[in-house]
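Trainee: next come a sequence and a model predicted from it.
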Amino acid sequence: MSLPCRTRIKPLGVPRNPSAKSTRVSRRSYTTSAPSEEAKQNLTWPEYLDIRKNKRRWETAATIPCTILGFAGGVAYFGTMEGDATKPIMGVDPLFFYGGCTVACMGLGYLVGPALGAAGWRMTHRRTMNLIEQKDRDFHKRIVKNRVDPTAQSATNPVPDFYGEKIGSLNGYRQWLRDQARFRKKARFLDE
């Protein structure tokens, strides 16, 4: 059976001075924040591609309710309008015209949704926007440098993902590069 140790251990590196009020030094004062700041200033490609995928999810998530709200708004507005079948609107039966306007409201919601999703995403990621925008520019330069000439496309050989929108990981980027090389090879073969 062992007895508990009751001796007091002095902190290393800090001499005790009885005349001083307090010479206690915290561990935080010994750590440097330079590596963490430096690490935060560099965004790796996998992190950037994950952020990009997350942004696309936000845009999609906002598109669905905006489309539904656009349709519901169109139904609420154009569904209550009275139409006289004997008086066509721009040469079209009022029922078809109001139905088309309702579908147009739904389409407007579909177009506005990604913009609202991107704005919401940007509001939640304000701290890292400079890093993300820099990586966006670098990514766009890489895409422009490596993508194929779209004038060589045909019905049997379409351009594979010209803007690199489907790239979501490093493996996806490598696959995109292989697809671009395959397209170039096929286009060269078809030209000869």
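Mentor: Done, it's in. Since we're looking at a predicted model, the values are computed, not measured.

Trainee: sec struct for Ile68, please.
Mentor: Following DSSP: H, G, I helix; E, B strand; the rest coil, we place Ile68 in the helix state.

Trainee: any idea which element the spatially closest residue to it that is not a sequence neighbour lies in?
Mentor: Leaving aside its chain neighbours, Ile68 sits nearest to Gly109 (7.3 Å; criterion: CB to CB, 6 or more residues apart in numbering). Where C-beta positions appear, they are placed from N, C-alpha and C, glycine not excepted. Using DSSP states H and E, Gly109 falls within helix 94-124.

Trainee: so which elements touch that helix?
Mentor: Counting contacts by 3 or more CB pairs under 8 Å, 6 or more residues apart in numbering; DSSP states H and E, helix 94-124 packs against helix 45-78.

Trainee: sorry, back to before: now the residue nearest to Ile68: how far from Ala72?
Mentor: Distance, Gly109 to Ala72, by CB to CB, to the nearest Å: 9 Å.

Trainee: residue contacts, the closest residue to Phe183 other than its chain neighbours?
Mentor: Closest residue in space to Phe183, ignoring its immediate chain neighbours: Val148 at 4.9 Å, by CB to CB, 6+ apart. Contact criterion CB atoms under 8 Å, 6 or more residues apart in numbering gives 159-160, 162, 180, 183-184, 187 as the residues in contact with Val148.

Trainee: Asn157: what secondary structure?
Mentor: coil.

Trainee: quick check: it touching Arg188?
Mentor: No - Asn157 is not in contact with Arg188 according to CB atoms under 8 Å; the separation is 10.8 Å.

Trainee: higher neighbour count, the two?
Mentor: The neighbour count for Asn157 versus Arg188, taken as other CB atoms under 10 Å, is higher for Asn157 (14 against 10).

Trainee: who's the closest spatial neighbour of the more buried one, skipping the chain neighbours?
Mentor: In space, Asn157 is closest to Lys186, 5.3 Å off (CB to CB, 6+ apart).

Trainee: helix or strand: which one has that neighbour?
Mentor: According to DSSP H and E, Lys186 maps onto helix 170-191.

Trainee: tell me what that helix is packed against?
Mentor: The helices and strands touching helix 170-191, judged by 3+ CB pairs under 8 Å, 6+ apart, are helix 45-78.

Trainee: just give the number of residues close to Thr102.
Mentor: Burial of Thr102, expressed as a neighbour count using other CB under 10 Å, amounts to 20.

Trainee: show me the contacts for it.
Mentor: By CB under 8 Å, 6+ apart, the contact set of Thr102 is 71, 74-75, 78-79.

Trainee: now list the buried members of the residues you listed.
Mentor: The neighbour-count test (16 or more other CB atoms under 10 Å) marks 71, 74, 78 as buried among the contacts of Thr102.
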